[in-house]
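Enquirer: With the input below, show me the fold.
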Amino acid sequence: METFTEDVEFYWGILALNTTQSIYRPGEVVPIAMAALDDAGDTICEANLELSVTSPDGNTVQVPVETSGLCGDNNVIDVADYLAVYTAGGAGSYTLSLTERDDMGRIIHRIFDAFEVRESTPFTIRRTGMTRIYPVANYSMNIDITAENDFVGEFIEPMPADFQVVQTDASETRMYGGAK
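Expert: Residues are numbered from 1 along each chain as shown. Take a look at the predicted model:
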């Protein structure tokens, strides 16, 4: 019987990746906000990030990632640390892949997200808020809803029960089980 020993370096850090909408129309610009944190939860302002987008036909393109220039040691800002822009193509599901590499080019972290492109939708929901947050600071999350036609009904946006919600004229907060 032989014994083999293998050492593996495990990384804990976090990557964040947000689009402002989950559904876009063909030709619409898709802003992409990103952040990187180390295993202690501290901001990484010089992360080696690679972003790729795979379209419904299976074609994958690399999308340039730029820094906002406002990243700082765990600072509280209202702009993402890293930004990218992609223009939506034809209808279907698009997959985003964000990869962080170390100085040797090895993959440290990789996360995935997705958005859809549709020829038409009855309404557009755009969320504008922070990608990287400091948990004890207050942040705004703006939700803009644009209806294509007259609409009667309600929109429900679930969030953790411990989130603080500041009321606006046209909204109300209710508890649904463990969610607000």
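Enquirer: burial of Glu148, as a residue count?
Expert: Residue neighbour count, defined by other CB atoms under 10 Å, stands at 10 for Glu148. Every C-beta, even on glycine, is put in place using the N, C-alpha and C of the backbone.
Enquirer: was I right about it contacting Arg25?
Expert: No. Assessed by CB atoms under 8 Å, Glu148 is found out of contact with Arg25, at 10.8 Å.
Enquirer: shared neighbours, these two?
Expert: Both Glu148 and Arg25 are in contact with Ser120, Thr121, where contact means CB atoms under 8 Å, 6 or more residues apart in numbering.
Enquirer: pLDDT below threshold where in this structure?
Expert: The model of the chain has pLDDT under 70 over residues 6-13, 167-169.
Enquirer: And the strands in it?
Expert: Using DSSP state E, the strands of the chain run over residues 14-19, 23-24, 29-37, 48-54, 60-63, 66-67, 82-87, 92-101, 107-117, 123-128, 142-147.
Enquirer: would you list the ones you listed in TSV and tack on mean neighbour count and distance to Phe155?
Expert: Listed next are the strands of the chain as TSV, based on neighbours: other CB atoms under 10 Å; distance: least, CB to CB, whole Å:
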stretch	mean neighbour count	distance to Phe155
strand 14-19	19	18
strand 23-24	19	14
strand 29-37	20	22
strand 48-54	17	28
strand 60-63	12	30
strand 66-67	13	33
strand 82-87	18	26
strand 92-101	18	22
strand 107-117	15	18
strand 123-128	14	7
strand 142-147	11	6
